[in-house]
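Q: Quick check, what structure comes out for this input:
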Amino acid sequence: MKIASFLSIISILTMSFVLNTTTPADDIIKAFKTSNTSEISSYFDNLIDFTLPGKDEIKNVSKNQAGVILKSFYSDNNIAGFELISQREAVSTMYIAGKITGKTKNYNITILLKNKEGKYVITSIRING
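A: Got it, this is the predicted structure:
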């Protein structure tokens, strides 16, 4: 009986640990999956770099302007989803790669995040088709 109780406790502790393992970028990924551009924009650093399909990279775009650019791109291309392909973290930098799905076309997206004052902020978004 003691062994069964012990195993039950270990199982519960293990399950609670597994269920509570989240990455610092989970909320950001969730915002991309729901195509919530307002939520995504809330994770922007004060200045970010932006690249859109067929256009040159725009460096040091203000947080507000970057939000407008992203919202316009999502609206113009009917972006409705995100599929995570890869996520890597090294020291205080994180890369997220994925696909965003539009009505007629899918795009690759790479997001660069930096740990700033204990939380990750988006510093670069590259979208290419």
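
Q: The strand or helix carrying Ile109 pairs with which strands?
A: Here Ile109 is covered by strand 106-116, with elements defined by DSSP states H and E. Paired neighbours of strand 106-116 in the sheet (DSSP bridges): strand 93-101 (antiparallel), strand 119-128 (antiparallel).

Q: so which of those gets nearest Asp27?
A: Closest to Asp27 of the strands paired with strand 106-116, according to Cβ to Cβ: strand 119-128, at 9.3 Å. From N, CA and C alone the C-beta is placed, and that goes for glycine too.

Q: Put the alpha carbons of that closest one into CSV.
A: The C-alpha trace of strand 119-128 is given here as CSV (Å, rounded to 0.1, in the frame of the first residue of the first chain):
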residue,chain,number,x,y,z
LYS,A,119,11.3,39.6,-20.4
TYR,A,120,11.6,38.8,-24.0
VAL,A,121,10.8,41.6,-26.6
ILE,A,122,10.6,41.3,-30.3
THR,A,123,13.5,43.2,-32.0
SER,A,124,13.2,41.9,-35.6
ILE,A,125,10.6,40.4,-37.8
ARG,A,126,11.4,39.0,-41.3
ILE,A,127,8.6,37.8,-43.5
ASN,A,128,9.3,36.3,-46.9
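
Q: Many thanks, I have nothing further to ask.
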